[in-house]
Structures are given as C-alpha cells and as structure tokens.
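**Student:** this one's sequence-less:
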C-alpha cells in the first residue's frame with residue numbers, strides 16, 4: 001500500500017526545517033534506503049519563476065538546503081535542476097535563493113538545455129516518448145521537491161505536476177499545443193510521472209498557495225512536509241488537505257481509472273502526523289477547467305464546446321505590455337495592441353500559460369455565459385495578492 005509521511009513544520013527557519021526533513025527520512029526508513037553512496041542524484045524543486053521565497057511560488061530554499069545536506073551526508077553527489085517557465089535556471093535560482101544554497105554547499109545547477117528522447121514506461125497509456133532533459137536522464141536517481149499550490153488548469157499542483165519541468169524547454173509548450181483536450185494533457189502527466197520515477201518526493205507545504213495559483217494566489221499556512229515514494233498518493237493526500245475529494249481532481253480520477261493505487265484514498269496509509277488535523281475545509285481551489293461532461297464529447301466537437309463552457313483568459317487593465325504572455329503562448333494567440341496584450345480567443349487553446357506566467361497578475365480566468373448558465377461560477381478562484 002502506498003504510504004504518505006506527514007511531518008509538522010511551522011516555519012522556514014533552518015533549524016526547524018532540517019529537523020523536520022531528518023524526521024521525514026527517519027519515518028521513511030532512512031535516506032540510504034533510496035540513495036547509495038556515490039550516486040548522482042538530481043533534486044527537482046519547483047522553480048517556476050524568479051521570485052523571492054516569501055511569495056510562496058517556488059520550493060523554499062531551506063527545504064532544498066535540508067534535502068541536499070542529507071544527500072551529502074549519505075555520500076551522494078547531488079545537483080539541482082529544473083526548466084523554469086520564465087527565464088534561465090541560473091537567474092531564477094538566484095532570485096529564489098536556491099543558487100546561494102547551491103554555492104554554499106558546492107552543488108551544481110543543471111539548466112535542462114538539451115533533450116533526449118526517452119521511451120515512456122511500459123504502463124504509460126498515451127505517450128510513447130518524452131523529450132526529457134539530458135541532465136535528468138543521466139543521473140542515478142531523482143528526488144522531487146514540489147510546492148503545495150493550486151492551479152488554474154489542473155486544480156492542484158503537487159508531486160505529479162511538478163515533474164512537467166523535467167521536459168526540456170520549449171517542448172512543454174509543444175505538449176500544450178498537441179494535447180488540447182484536458183484529459184489528454186492529464187494522461188500525459190500521468191505517463192510522465194510513471195516514466196521519470198523519482199525515488200522520493202517531498203512536498204513543501206509549510207506555507208501553501210490557494211486561489212489563483214500557481215503564481216498569483218494567497219499564501220496559507222499548512223505547517224506540513226509531506227513525503228513518500230508514490231506521487232499519486234501524495235497528490236491524493238494534498239487534495240484532502242485542501243478539503244477536496246480526490247476523485248474531484250481530474251488527474252487523480254484518471255489515475256484511479258487506470259488502477260493506480262496512489263489515486264485511491266482507501267489504499268493509502270499515513271505515517272507521522274494525523275491527516276485529519278491538517279484538513280482545511282475552506283481552502284480555495286479553482287473549479288475544474290473542463291467539467292467531466294465536456295471531456296466525454298467526441299474530438300470533432302471538443303474545440304467548439306470547450307470555448308463555450310471552459311474558462312477564458314482575460315487580460316486586465318493592469319497589463320504592462322511586458323510581452324511575457326506573448327512569448328509563452330503555445331498557440332500564438334496573443335499579440336500586442338498598443339501598450340497592452342490582447343488574446344485572440346478564437347485560437348486560444350485554454351492552457352492558461354498566460355495566467356501562470358504573467359508577473360503582474362494581469363490575467364484572470366472568467367467563465368463564459370453558457371458555463372454560468374449551467375451553474376458555474378463567474379470566475380475561478382481569484383487572486384488577492386500575497387499575504
């Protein structure tokens with residue numbers, strides 16, 4: 001049975017985080033159960049964008065430090081890698097505090113600049129090959145360090161979604177363009193997790209993000225580190241902490257349909273803290289971007305129906321014309337009009353990369369009229385600045 005470890009951690013003080021991480025590995029049977037001396041281990045945090053750690057957008061550097069220190073202690077040779085949504089890894093790592101940690105410990109950064117086509121796991125369903133970063137492919141093991149956040153497209157962002165950063169550079173945009181049906185995109189994320197197979201996952205949920213995640217939501221103290229071997233089990237427990245039924249998270253519903261035990265709450269055991277003590281009933285989670293009824297439509301009808309009932313991105317008056325959304329749009333649906341960006345909704349594929357990457361919180365996801373008529377809310381979970 002998949003096991004999820006919960007360890008109480010109330011602050012990001014170095015002393016408390018290091019003690020909590022040591023307890024995580026103790027409850028897991030010891031880090032040397034997963035990593036042997038001399039192994040090259042890639043640590044994959046969430047490094048979405050170059051923002052200060054206090055904004056809660058990326059994995060906190062003290063969590064990264066604690067894990068790297070434990071790897072060094074067992075004689076492993078770690079490196080830190082990711083493919084940020086905006087900017088180079090080096091610049092993002094500097095602003096998030098991770099680069100400083102790496103310099104202090106003598107740990108190299110891996111920028112994921114070259115891809116290798118890797119055959120998908122035999123149990124994968126939809127994708128046969130993945131363009132994974134060479135740095136990731138050539139190590140002996142991967143440890144995944146996501147941050148607990150909400151997400152406009154997938155509802156939650158945790159252990160499975162964080163592995164999307166293992167795909168090199170622009171290939172991520174290509175998958176968005178190629179897999180426009182939400183269920184197809186989520187099936188790809190499941191296949192990716194089964195292919196990368198990190199030896200361990202540790203979720204930073206000391207402070208998490210609710211509302212308009214993964215970048216513009218509100219911070220919420222959860223006071224937890226969550227860890228384990230099964231990423232689907234971790235996301236199932238994450239959903240429960242957010243007060244959401246796991247089968248209401250589309251990715252977990254699809255994983256359960258495949259028979260993956262980590263997506264079945266009754267198959268999961270919890271060690272450490274009592275899960276019930278950390279469930280937050282009023283945690284603000286975005287609505288499902290594409291309700292189940294839409295996902296049952298045949299391919300020929302999906303494009304039309306999706307535009308009538310899925311949330312549409314709308315650029316607000318606070319747009320500063322920086323052009324980041326234009327460069328990050330996989331479909332090329334955004335252009336500049338005067339000093340502002342404008343979205344061509346007729347070609348928009350509803351991937352919400354513009355909302356995710358906008359540094360000024362200028363993009364809101366709003367429900368079209370038919371969705372409101374059918375009972376949907378006027379917009380997804382709103383952002384309200386960082387608390």
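**Tutor:** Sure thing, it's come through. Since the model is a prediction, treat every value here as computed from it, not as a measurement.
**Student:** from memory residue 218 sits against residue 208, does it?
**Tutor:** No - judged on CB atoms under 8 Å, residue 218 makes no contact with residue 208 at a distance of 9.8 Å. Quick note: C-beta positions are derived from backbone N, CA and C, even for glycine.
**Student:** quick one, strands of the stretch 201-350 of the chain?
**Tutor:** Secondary structure of the stretch 201-350 of the chain (DSSP state E, counting those that start in this stretch): strands at 218-228, 269-272, 312-315, 334-337, 340-343.
**Student:** Let me have these in a markdown table, adding mean pLDDT and mean neighbour count as columns.
**Tutor:** Shown next, in a markdown table, are these (pLDDT from 0 to 100; neighbours: other CB atoms under 10 Å):
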| stretch | mean pLDDT | mean neighbour count |
| --- | --- | --- |
| strand 218-228 | 98 | 23 |
| strand 269-272 | 98 | 16 |
| strand 312-315 | 94 | 19 |
| strand 334-337 | 95 | 15 |
| strand 340-343 | 96 | 18 |
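**Student:** could you redo those strands as TSV and give each row distance to residue 19?
**Tutor:** Below are the strands of the stretch 201-350 of the chain laid out as TSV (distance: least, CB to CB, whole Å):
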stretch	distance to residue 19
strand 218-228	11
strand 269-272	13
strand 312-315	42
strand 334-337	46
strand 340-343	46
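**Student:** for these, which one sits closest to residue 131?
**Tutor:** In terms of CB to CB, the element of the strands of the stretch 201-350 of the chain nearest to residue 131 is strand 334-337, at 24.3 Å.
**Student:** Give the pairing partners of that closest one; include direction for each.
**Tutor:** The sheet places strand 334-337 alongside strand 340-343 (antiparallel), with pairing taken from DSSP bridges.
**Student:** Which SSE is immediately downstream of the strand it pairs with?
**Tutor:** Downstream of strand 340-343, the next assigned helix or strand under DSSP states H and E is helix 353-357.
**Student:** Give the buried residues for the helix or strand following that next one.
**Tutor:** For helix 353-357, the succeeding helix or strand toward the C-terminus, using DSSP H and E, is strand 363-366. Under the neighbour-count criterion of 16 or more other CB atoms under 10 Å, strand 363-366 has 363, 364, 365 buried.
**Student:** From residue 314, how far out is the closest residue in space to residue 234 that isn't next to it in sequence?
**Tutor:** Once flanking residues are discounted, residue 234 sits nearest to residue 159: 4.2 Å by CB to CB, 6 or more residues apart in numbering. Applying CB to CB, to the nearest Å, the value for residue 159 to residue 314 is 31 Å.
**Student:** next one: residue 104
**Tutor:** 43 Å.
**Student:** Low-confidence regions, the protein specifically.
**Tutor:** Low-confidence segments of the chain (pLDDT under 70): 124, 291-307, 369-387.
**Student:** Can you give the domain ranges for it?
**Tutor:** Listed domain ranges for the chain are 3-278, 292-373 (source: automatic domain parsing).
**Student:** Can I get the ones you listed in TSV including distance to residue 284?
**Tutor:** Output for the domains of the chain, formatted as TSV (distance: least, CB to CB, whole Å):
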stretch	distance to residue 284
domain 3-278	4
domain 292-373	14
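**Student:** Kindly state which of the ones you listed is positioned closest to residue 286.
**Tutor:** domain 3-278 (5.4 Å).
**Student:** distance between the ends of that closest one?
**Tutor:** Using CA to CA, to the nearest Å, the end-to-end distance of domain 3-278 comes to 17 Å.
**Student:** Pull the distance from that domain to the chain's centre.
**Tutor:** Mean-position distance between domain 3-278 and its chain equals 7 Å (CA atoms, centre = their mean, to the nearest Å).
**Student:** quick one on the thing from earlier: dump the buried residues of strand 363-366 to JSON lines, plus distance to residue 165.
**Tutor:** Converted to JSON lines, those look like this (distance: CB to CB, whole Å):
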{"residue": "363", "distance to residue 165": "21"}
{"residue": "364", "distance to residue 165": "25"}
{"residue": "365", "distance to residue 165": "22"}
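**Student:** of the residues you listed, closest to residue 155?
**Tutor:** residue 365 (12.1 Å).
**Student:** what about that closest one, distance to residue 147?
**Tutor:** Relative to residue 147, residue 365 is positioned 20 Å away (CB to CB).
**Student:** buried ones in the helix or strand containing residue 72?
**Tutor:** Taking DSSP H and E as the criterion, residue 72 maps to helix 61-73. Across helix 61-73, burial judged by 16+ other CB under 10 Å covers 61, 62, 63, 64, 65, 66, 67, 68, 69, 70, 71.
**Student:** Could you do stretch 167-181 as well?
**Tutor:** For stretch 167-181, by 16+ other CB under 10 Å, it's 167, 168, 169, 172, 173, 175, 176, 179, 180, 181.
**Student:** do stretch 90-103 as well
**Tutor:** 92, 93, 94, 95, 96, 97, 98, 99, 101, 102.
**Student:** can I get these in TSV with secondary structure and distance to residue 120?
**Tutor:** Below are the buried residues of stretch 90-103 laid out as TSV (DSSP: H, G, I helix; E, B strand; the rest coil; distance: CB to CB, whole Å):
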residue	secondary structure	distance to residue 120
92	helix	28
93	helix	29
94	helix	34
95	helix	34
96	helix	30
97	coil	34
98	helix	29
99	helix	32
101	helix	33
102	helix	31
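**Student:** This completes my enquiry, with thanks.
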